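Peer 1: I need the structure of the sequence given here:
(2 chains)
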Amino acid sequence: MSADFPILSMMLAVPLAAAMLCLVVSAHSARFLALGATLINLLLGIWLWTQYEIGGAQWQFTESADLFGPIGWKLGIDGISLMLIMLSVFLMPICIGASWRAIKDRVSEYMAAFLLMEVLMIGVFAAQDLMLFYIFFEAGLIPMYLIIGIWGGTNRIYASYKFFLYTLLGSVLMLIAMIWMIQEAGTADIPTLLQYDFSKEAQTWLWLAFFASFAVKMPMWPVHTWLPDAHVQAPTAGSVILAGVLLKMGGYGFLRFSMPMFPDASAQFIWLIFGLSMVAVIYTSLVALVQQDMKKLIAYSSVAHMAIVTVGLFTFNQQGLEGAIIVMLSHGLVSGALFLCVGVIYDRLHTREIDRYGGLSINMPIYATFFLLFTMASIGLPGTSGFVGEFLALTGVYKVSTWAALICTTGIILGAGYMLYLYRRVAFGEQKNIDAAAMEDLDIREFWLLAPIAAAVMWMGIYPESFIAPIRDDVSKIVQRVESATPVLDGKFIANDPSTAQYRVGGKDDSPTIESDASGSTQ
Amino acid sequence: MTENDLFYTRPELILSFSGLLLLLLAAWRPNWGRQICYISIAPLIAASYYAWVIMTNDAFEFGGGAFFGQYRADGFSSFSKLLIYLASAITLLIAPRFLEKKGVMKAEFPVLILFAAVGMGIMVSAVDLLSLYIGLELNSLAAYVLASFARNDVKSSEAGLKYFILGALASGILLFGISLVYGFTGSTSFLTINSALSGELSMGATFGIVFMLAGMAFKISAAPFHMWTPDVYEGAPTPITAFFASAPKVAATALLVRIVGEAFTNQIDAWQQIIIIVALMSIVVGALGAIGQKSLKRLLAYSSINNIGFILIGLAAASQIGVAALLVYLAIYVAMTLGGFICLMQFEDKDGNMRDNIDDIAGLSKHRPVLAAVFMIFMFSLAGIPPMFGFWGKLQVFQAAVAADLLPLAVIGIAASVIGAFYYLKVIKVMYFDERADVVADSNSNTLVWVGGILALFVSPLGYLTISILGKWSEVAGAFLFVNGG
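Peer 2: Residues are numbered from 1 along each chain as shown, chains lettered A, B, ... in the order given. Presented below is the predicted three-dimensional model:
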């Protein structure tokens, strides 16, 4: 394959073509077709990763075609996009596999909807034109609305409406902001806009408009209420893709737009992000503790994890941002895997109620092992992906605000509480339900759905450098861009701080107080 | 009468003479309804060709006037005419089967459509209050008859009567406004009116502008003058409703644009806020009114009110970009709304009766998957959800509003569009999520399938490939208005 091979367009075209084909073939062929297409995309993704030049140009694999007049077909990725595209293409075959038997009616349409979802997700992460991004970003609502509404649970209609309208209302304000930006800057090209300096007043309004969209998508407290409904009602694979990739679009939006394009406004609204995130971490963790429904519990834990992401992003330092991105990737894998774990037992007993299970480690040892691994990864046990991300993010937070770090860390402890409590009730204890005790262990298909995720979680936990290396340069570019606007909070190291003089050896220090520069804080 | 008069009015001449000839034919061969429908498409194509020539040929860069400044053929009128003729032709294609089934197919039907098209052509080419009124009434008279075309149907007769009475009232209001404007400016020519209105606006002229706008708002069924729309749309035979929702809407909107963009450009402040309020009211009334509807025709009627609101946002920008955006929106709107009605016409039970109730299409996606998917495309497109092409129209008008510094209008308008999304979603929910009602039987009309399919392709993401060409010609058309800066 030559260097100018349009691989990103190819990655969009393969699932799109497969989706169209799915609609005209039988259910059985549609399954294989969808699996084949997603596996081809996974291979293309792996090839993309191997060809990605770490430390090379910021935007690689760029493509540009004048197809749609003012909407430029411009694609290109940096390291952050690359990692999120990898997450998408990695989870997609697993989603198809998870739906292999669980979905029995209207299989062709189901597979087509998932393949379209894949097109739109890759499109969101690869778009380099503001309008193209918006179209991919919004279009994702349509297949997800259908997936929840057609193949969802009993209360699926309410959940699908709530999902659609909530997200739409958030996004339309962003659209007006984008129109304004395009007219102000005279271009819709994202790399150019990243260099454009909007006036401070404009930044505030633009930031708020983008925040309306990304906060809903993320989701941040208090606009998170669509998520538990959507998750609980969606079919298993729908939950996996929702938690795994769609939630990451909010974080990606903050990283790609809000922070580098509006650095002053971002700094100005740190209190808002920190405040909402701190509430979210504590509140949603406590809510998760009392859930009786497994999917709802994991949904609330997602909100808490996403709060760590937002707080990490708005630290404006290297560790915080890298940590936030790793939490995004890790959460994509782990929550996806947890939803799969719920799906496995749901397929057998058709209930998500925690009390209906118990003692599964006796009759389902392999399942219990996987479930334990993902529970630990969700808590953030060292050696798993969750630890790396959360540790880095919280290190970043500590440098900015010790209070925020304290509260967010408390959230992690609460996270350990609800996850271990869930695991104890499902996997340990006595086998109080006869039907649950009679369930069979993982079959070969389910094993091969969970095993790749487990491997990836361990890989990310043991050797995170593979995942951090591609994003390092891009993160430092964002950090540089927002550096000038970074406020000094209490976590910042200040050389010769007079308030600490009494603790210093040698007593009173006569030298004048010097505020350290940014590099001082990393020593 | 000079040579120019005949040269520039070629589309109207072709349509008028063909209409008269076909009327004769209809008198001799009263049973040839279907054939005359198909024959009538030929003059529409010929008229479209001449409109296309005026728009695309550089020799007519500045347009051309006829009949002593009563009539002008330029890019703007030609763009509108193309849309009008296209919508009329599609109506003629889809109507025969429906009317024959109802037993009301008459050979006069295509002739009435042709005369309405002549009237609409004059409307969009009018640059004088007199020719404006002649065009409007020619179109309206044809439309009143069309609304009550199903004579044996009480609802259709009621629709025709309602349309006639309220239409006459609106024409009266418009005429009153015209007389006031004429009285205070001393002219009926748009350009003279514009220069006469350049200074401070007198009270009488203000009244005149307001009454004219009110009359026009009735014709485009914008809130708060929309009350007749759901009743007339519900009562009229469905293909004729499709016609009402497309061609006359384009004509009346273009007429409104022509008046404010040519006769009132010196008094933007006087009409801009009216247009803004009417636009927002239409969006909200259209969205809220549709929520409780059980009849799909009424629902589409409210949807057209809602869409007129978005179209008017382009006009509120009071700029050439705004007019271009409005024309792009109109082009997409015509395709969406005709497509919606074409789908509706295929919702027939096994006895061949059209089923109009929303519950009748429950679970449609299970037994008529293609029809349901096509209707879904139109619904998402009307709601303006990307990647459907309807999004592009909305984006264009909002871009124009933002460029004109009308940010509050843009923000409120787009937030209200979320309310609209709710009822479009409801239709999709009924088709896709509900248990199947098995009311809709298999249809065997190839015409409906093909026309609906082509329109669906246009509003699907494939429509984005036409952005360049739509954008180019809408800009050419928009450049004829708001000439003195605006």
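
Peer 1: give the contact list for the residue nearest the centre of chain B.
Peer 2: With distances taken as C-alpha atoms, centre = their mean, B:Lys249 lies nearest the centre of chain B, 2.3 Å away. Residues near B:Lys249 by C-beta atoms under 8 Å, 6 or more residues apart in numbering or on different chains: B:220-221, B:304, B:308, B:330, B:333-334. For glycine as for every other residue, the C-beta is placed from the backbone atoms N, C-alpha and C.

Peer 1: Pull the contacting residues for residue 261.
Peer 2: Picked chain A for this. A:181, A:193-194, A:196, A:198, A:206.

Peer 1: I was after chain B.
Peer 2: Contacts of B:Gly261 by C-beta under 8 Å, 6+ apart are B:318, B:323, B:481-482, B:486.

Peer 1: How about residue 121, nearest residue that isn't a chain neighbour?
Peer 2: This is for chain A. If the residues on either side of it in the chain are set aside, A:Met121 comes closest to A:Ser88, at 4.5 Å by C-beta to C-beta, 6 or more residues apart in numbering or on different chains.

Peer 1: please go with chain B instead
Peer 2: Sequence neighbours aside, B:Glu12 is the residue nearest to B:Gly121 in space, at 5.0 Å (criterion: C-beta to C-beta, 6+ apart).

Peer 1: what's the answer for B:Leu288, then?
Peer 2: Using C-beta to C-beta, 6+ apart, the nearest residue to B:Leu288 is B:Ile419, at 6.6 Å.

Peer 1: What is the neighbour count of that neighbour?
Peer 2: 18 (other C-beta atoms under 10 Å in any protein chain shown).

Peer 1: thought it was touching B:Gly286?
Peer 2: No. B:Ile419 is beyond contact range of B:Gly286, at 9.3 Å (criterion: C-beta atoms under 8 Å).

Peer 1: And for whatever helix or strand B:Met216 lives in, what's in contact with it?
Peer 2: Taking DSSP states H and E as the criterion, the element that holds B:Met216 is helix B:203-219. Identification of contacts with helix B:203-219 by C-beta under 8 Å, 6+ apart yields B:136, B:166-167, B:169-185, B:197, B:201, B:224-225, B:228, B:248, B:252, B:255-256, B:259-260, B:264, B:267, B:270-271, B:274-275, B:278.

Peer 1: can you rerun that using 7 Å?
Peer 2: Residues external to helix B:203-219 that are found in contact with it (C-beta atoms under 7 Å, 6 or more residues apart in numbering or on different chains): B:170-171, B:173-174, B:176-178, B:180-181, B:183-185, B:197, B:225, B:252, B:255-256, B:259, B:264, B:267, B:270-271, B:274, B:278.

Peer 1: repeat for stretch B:394-404
Peer 2: Applying C-beta under 7 Å, 6+ apart, the external contacts of stretch B:394-404 come out as A:176, A:179-180, A:183, B:310-311, B:313-314, B:316-319, B:321-322, B:325-326, B:328-329, B:384, B:409-410, B:414, B:417.

Peer 1: Drop anything exposed from those.
Peer 2: A:176, A:179-180, B:310-311, B:313-314, B:316-319, B:321-322, B:325-326, B:328-329, B:384, B:409-410, B:414, B:417 (16 or more other C-beta atoms under 10 Å in any protein chain shown).

Peer 1: Can you tell me which of these end up in helices?
Peer 2: Secondary structure defined by DSSP state H assigns A:176, A:179-180, B:310-311, B:313-314, B:316, B:321-322, B:325-326, B:328-329, B:409-410, B:414, B:417 of those to helices.

Peer 1: Leaving aside the residues adjacent along the chain, what's closest to the residue in the stretch 201-350 of chain B that chain A sits nearest to?
Peer 2: For the stretch 201-350 of chain B, the nearest residue to chain A under the criterion C-beta to the nearest C-beta is B:Ile321, separated by 10.2 Å. Beyond its immediate neighbours in the sequence, the residue positioned closest to B:Ile321 (C-beta to C-beta, 6+ apart) is B:Ala400, lying 4.8 Å away.

Peer 1: just to revisit the earlier point, export the strand or helix carrying the residue nearest to A:Met121 as PDB, just CAs?
Peer 2: Taking DSSP H and E as the criterion, A:Ser88 maps to helix A:79-98. The C-alpha coordinates for helix A:79-98 follow below in PDB (Å, rounded to 0.1, in the frame of the first residue of the first chain):
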ATOM      1  CA  GLY A  79      -2.400  10.600  18.000                       C
ATOM      2  CA  ILE A  80      -5.600  11.300  20.000                       C
ATOM      3  CA  SER A  81      -7.800  10.500  17.100                       C
ATOM      4  CA  LEU A  82      -5.800   7.400  16.300                       C
ATOM      5  CA  MET A  83      -6.300   6.000  19.800                       C
ATOM      6  CA  LEU A  84     -10.000   6.600  19.700                       C
ATOM      7  CA  ILE A  85     -10.400   5.200  16.200                       C
ATOM      8  CA  MET A  86      -8.500   2.100  17.400                       C
ATOM      9  CA  LEU A  87     -10.900   1.800  20.300                       C
ATOM     10  CA  SER A  88     -13.900   2.000  17.900                       C
ATOM     11  CA  VAL A  89     -12.600  -0.600  15.500                       C
ATOM     12  CA  PHE A  90     -11.500  -2.800  18.300                       C
ATOM     13  CA  LEU A  91     -14.900  -2.800  20.000                       C
ATOM     14  CA  MET A  92     -17.000  -3.200  16.800                       C
ATOM     15  CA  PRO A  93     -16.300  -6.900  16.000                       C
ATOM     16  CA  ILE A  94     -16.900  -7.600  19.600                       C
ATOM     17  CA  CYS A  95     -20.300  -5.900  19.500                       C
ATOM     18  CA  ILE A  96     -21.300  -7.800  16.400                       C
ATOM     19  CA  GLY A  97     -20.200 -11.000  18.100                       C
ATOM     20  CA  ALA A  98     -22.200 -10.100  21.200                       C
END
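
Peer 1: So the residue nearest to B:Leu288 is in contact with B:Ala287, correct?
Peer 2: Yes. In this structure, B:Ile419 is within contact of B:Ala287 by C-beta atoms under 7 Å, at 4.1 Å.

Peer 1: okay, and the common contacts of these two?
Peer 2: Taking C-beta under 7 Å, 6+ apart as the contact definition, B:Ile419 and B:Ala287 share no neighbouring residue.

Peer 1: quick one, strands of chain B?
Peer 2: Using DSSP state E, the strands found in chain B span residues B:64-66, B:71-73.

Peer 1: Find the one among these with the highest mean neighbour count.
Peer 2: strand B:71-73 (a mean of 25; mean count of other C-beta atoms under 10 Å in any protein chain shown).

Peer 1: which residues are contacting it?
Peer 2: B:8-9, B:54, B:63-65, B:125-127, B:131.

Peer 1: Nice, that's everything, thank you.
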